[in-house]
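> Okay, here's the prediction I keep looking at, along with the sequence it came from:
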Amino acid sequence: MDTTINSRLAVDVYEAAKPRQEEEWFDLDGHRIKVVRRFDDESGYQGVLYESLQTGELILAHRGTEFDKQLVKDGLIADGGMVMFGANSQAKAAMNATEFALEYAKNNAEACGAMPLSVVGHSLGGTLAQITAYRYGLRGETFNAYGAAGLTADLHEGGSQIINHVRATDFVSAASRHVGEVRVYAAQKDIQALELAGYANDDRRFTDLRNPLAVVAGVGVEAHYSRNFLADNDLGIGGSITGAENAARYEQYKPMIDKYRADVATLHNTLALPRNVVDGVVDRARNVFAGRDMQEQPAALRQTGCALPASVDARDPAHPDHGLYVQIQQGMRAVDAILDRVPDAATDRASARLFAEAKAGGITRADHVLMSPGGAAPVAGPNLFVVQGALNDPAHLRVQVSSSEAVATAVEQSFERAALFEKRQAASPSQQMQQQEQGAPRLSM
């Protein structure tokens, strides 16, 4: 699933006032989503396994820190334990939920393989997503997660199968190292808070007087809210924090922001020093007695879902839809020219994402690639469109995606998504009919 849907599911799993029921279907940004299973463990762990009708993907969302509801279990036992002891009291329950999801994916397999499964989460839920993706070889996406790297000696920093989105001044995500790739975004109010706290946008480490705690007070706890990642948030940050403008602002103020996040990590490491000194010895002893070896590398990325074609890369001239991709890429370069910008990696990511949407929308020819005016979508930002047919023809085919979402999606992820749609569309008519009947809303008398 894309970042927009994953961020919404990472928020949806928090819903306690009106929790969704198992087997319930609901609409989410044009996707028909089913609740497969809810998890609620005595450790405080909660999660929801979702299924997409359109793609057949499974998404396991681990719930994050919820101080108002479970202060002791979440705040003191789980989060406090991570800082002081490098352990996560909910990790075992999260792994049990992941194993259930993998078994469900296998038991409900299509003819060509198990259903695709990924993991998502915010805050503590993001920690659990990093752990389970690492242990089971899954793709994951997190939002303001507390980094899992270093919680035990065999959870390592880096990698590419997990994408971690963080807001610049969020102190939770800054406190610990992450498993996977980290993408940082900065709102204008983040920069203002940093400047007020004495942070200079340069590489000085010891001569500028700065106070990280003042930054926390300046932006409040809002920097950690899960709704930072929703397009329709009320935080005054110009839509989702993952927007292209906020990504560019981080690059502009990278020295300033990196200093702040390093300061937060230093404060955290001071608290965690006793654990850091002994964790390697303790972990190795524990694993010797448990009879298992240390997992020094993440599990190999698990092959779930239908086997994809030998080449899913539409940039390959041998790809059957290479011509469609080239049309979209040329259109995106024309958009760049209008914006007076040089085509770059962001252009490639947007082209690939539009290609995936075009395949999902049944488009076979890109007659027009357009961007809406800047003010047309004040929440989500300008939208990108691919149109097949004349613009004034009511019967033309059209797909759209927000520009911020398009440039944030990895090229490989878009091509895999397009191939997945191709496989789903090739399913037998009876299978498609059954899925549509399952996902259709029912009339109430």
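Received the coordinates, thanks.

> Pull the contacting residues for the residue nearest to the spatial centre of the chain.
In the chain, the residue lying closest to the centroid (CA atoms, centre = their mean) is residue 141, at 3.1 Å. With contact set as CB atoms under 8 Å, 6 or more residues apart in numbering, residue 141 has these partners: 3, 6, 7, 118, 119, 120, 129, 162, 163, 164, 165. For glycine as for every other residue, the C-beta is placed from the backbone atoms N, C-alpha and C.

> pretty sure the first one is in contact with residue 242, am I right?
Yes - checked against CB atoms under 8 Å, the pair residue 3 and residue 242 is within contact range at 6.2 Å.

> In TSV: the contacts of residue 141, plus secondary structure and distance to residue 64.
Supplementary listing: the contacts of residue 141 in TSV, determined by DSSP: H, G, I helix; E, B strand; the rest coil; distance: CB to CB, whole Å:
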residue	secondary structure	distance to residue 64
3	helix	17
6	helix	13
7	helix	12
118	strand	17
119	strand	13
120	strand	10
129	helix	10
162	strand	16
163	strand	16
164	strand	13
165	strand	13
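
> List just the nearest of the residues you listed to residue 219.
Compare each of those with residue 219 using CB to CB and the shortest gap goes to residue 165, at 16.8 Å.

> Return the per-residue confidence for that closest one.
For residue 165, the pLDDT comes out at 96.

> got it, and residue 132?
Reading off the per-residue confidence, residue 132 sits at a pLDDT of 93.

> that older thread, which residues do residue 3 and residue 242 both contact?
Shared contacts of residue 3 and residue 242 (CB under 8 Å, 6+ apart): 165, 229, 405, 408.

> which of residue 3 and residue 242 has more neighbours?
Taking neighbours as other CB atoms under 10 Å, residue 3 and residue 242 compare with residue 242 leading, 25 against 22.

> what about that one, distance to residue 6?
The spacing between residue 242 and residue 6, counted by CB to CB, to the nearest Å, is 11 Å.

> Residue 140 - that's part of a strand, no?
Yes - secondary structure of residue 140, determined by DSSP: H, G, I helix; E, B strand; the rest coil: located in a strand.

> so it touches residue 118, yeah?
Yes - in this structure, residue 140 sits in contact with residue 118. The criterion is CB under 8 Å, and the distance is 6.2 Å.

> Looking at these two, which has the bigger crowd around it?
Neighbour totals were compared for residue 140 and residue 118, and residue 140 leads with 28 against 21 (other CB under 10 Å).

> Identify the residues contacting that one.
Shown here is residue 140, whose contacts under the criterion CB under 8 Å, 6+ apart are 118, 119, 120, 121, 129, 130, 132, 133, 161, 162, 163, 180.

> now it, which residues is it bridged with?
With DSSP bridges applied, residue 140 shows beta-bridge pairing to residue 119, residue 162.

> Need the pLDDT of it.
As predicted, residue 140 sits at a pLDDT of 94.

> same thing with residue 116?
84.

> Would you mind splitting this protein into its domains for me?
According to the domain assignment given by the TED database, the chain is divided into the following structural domains: 3-271, 321-427.

> highest average neighbour count across these?
Among these, judged by mean count of other CB atoms under 10 Å, the one packed with the most neighbours on average is domain 3-271 (a mean of 20).

> how much distance is there from that one to the middle of the chain?
Here the centre of domain 3-271 is set off from its chain's centre by 8 Å, with CA atoms, centre = their mean, to the nearest Å.

> At which residues are the helices of the stretch 101-250 of the chain located?
Applying DSSP state H, counting those that start in this stretch to the stretch 101-250 of the chain gives helices spanning 124-136, 171-174, 188-196, 212-219, 244-252.

> could you dump those helices to CSV with distance to residue 391?
Listed next are the helices of the stretch 101-250 of the chain as CSV, based on distance: least, CB to CB, whole Å:
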stretch, distance to residue 391
helix 124-136, 42
helix 171-174, 43
helix 188-196, 35
helix 212-219, 43
helix 244-252, 25
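
> With respect to residue 53, which of those lies nearest?
In terms of CB to CB, the element of the helices of the stretch 101-250 of the chain nearest to residue 53 is helix 124-136, at 22.9 Å.

> what helices or strands is the closest one leaning on?
If you count contacts as 3 or more CB pairs under 8 Å, 6 or more residues apart in numbering; DSSP states H and E, helix 124-136 packs onto strand 58-62, helix 91-107, strand 117-122, strand 139-143, strand 158-167, strand 179-185.

> residues touching residue 13, list them.
Taking CB under 8 Å, 6+ apart as the definition of contact, the neighbours of residue 13 are 46, 47, 48, 61, 62, 63, 121, 125.

> Show me what the closest residue to it other than its chain neighbours is bridged to.
Spatial nearest neighbour of residue 13, excluding adjacent residues (CB to CB, 6 or more residues apart in numbering): residue 61 at 4.0 Å. With beta bridges defined as DSSP bridges, residue 61 has these partners: residue 48, residue 120.

> Now do the strands in the stretch 251-400 of the chain.
Secondary structure of the stretch 251-400 of the chain, counting by DSSP state E, counting those that start in this stretch: strands at 368-371, 383-388, 397-402.

> looking at those, which is closest to residue 219?
Nearest to residue 219, of these and by CB to CB, is strand 397-402 at 24.4 Å.

> got any residues that touch both of residue 140 and residue 118?
Contact with both residue 140 and residue 118 is made by residues residue 133, according to CB under 8 Å, 6+ apart.
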